[in-house]
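Colleague: No sequence on hand, only this structure:
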């Protein structure tokens, strides 16, 4: 298993948001998590992504007991082993597509030549060969999201986490982004965990899990 979470609990004050979640993902699997607002989806994703700490439970990602990591160690693990894509791309407006993608590689200590080559390869793979020198304001919404996905992949993460990755896009662009996740799985063996309200995207996934009131209540194979 690339992710194995057991008995994850999380409360905010008197509100118990996660009530003993068990969750596992195999390498190369694309898994979606659905549920109504307030079900605990984003809280779980933040914990899986090491952006938040559970009150109790265990979490192993790519063979690492991530809850035992502290300070610089957890920051390094997050930078080198996890990738993140959000509904809003969070690209830095003053930098080009290429420069935005290179930033996590710089943080990881990679040399400029290596970072630039890797970023260029990813952008070309994602259909942005002619947009590398463009700044975010010069790109469409779908192009901006593709740059954000390239940025998330630059350090070859064990897991790519996506939180409503197509929620801000038009229908045609949304379908392109959906298909892209499966291209990444097929071509790179990428493991992807997606929080979504989009039933079309959920049905495309290898497995869809449904949350209600801080627990999983359904888990089914989509027939892909």
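Modeller: Happy to help now that I have it. Keep in mind the model is a prediction, meaning the values are calculated, not measured. Numbers count the residues shown, from 1 in each chain.
Colleague: For the residue nearest the centre of the chain, give me its contacts.
Modeller: Central residue of the chain (Cα atoms, centre = their mean): residue 161, 1.6 Å from the mean position. Counting by Cβ atoms under 8 Å, 6 or more residues apart in numbering, residue 161 makes contact with 45, 48-49, 82-85, 192-194. C-beta coordinates here come from the backbone N, C-alpha and C atoms, glycine included.
Colleague: Now, the residues you listed that are in helices?
Modeller: Judged by DSSP state H, those include 45, 48 as members of helices.
Colleague: Among the contacts of residue 161, show me the least confident.
Modeller: For the contacts of residue 161, the weakest pLDDT value sits at residue 85, with 87.
Colleague: Is residue 72 part of a helix or strand, or is it coil?
Modeller: Per DSSP: H, G, I helix; E, B strand; the rest coil, the secondary structure class of residue 72 is helix.
Colleague: quick one: the helices in this structure?
Modeller: So, for the chain - with DSSP H - the helices run 41-48, 71-81, 97-107, 112-125, 141-153, 171-188, 199-204.
Colleague: hey, what's residue 163 bridged with?
Modeller: Beta-bridge partners of residue 163, counted by DSSP bridges, are residue 86, residue 195.
Colleague: Next, the contact list for it, please.
Modeller: Contacts of residue 163 (Cβ under 8 Å, 6+ apart): 42, 45, 84-87, 194-195.
Colleague: Turn those residues into CSV, columns for distance to residue 216.
Modeller: CSV is the format used below for these (distance: Cβ to Cβ, whole Å):
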residue, distance to residue 216
42, 15
45, 13
84, 22
85, 22
86, 22
87, 22
194, 15
195, 13
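Colleague: Sketch out the low-pLDDT regions of the chain for me.
Modeller: 166-170, 218-224 (pLDDT under 70).
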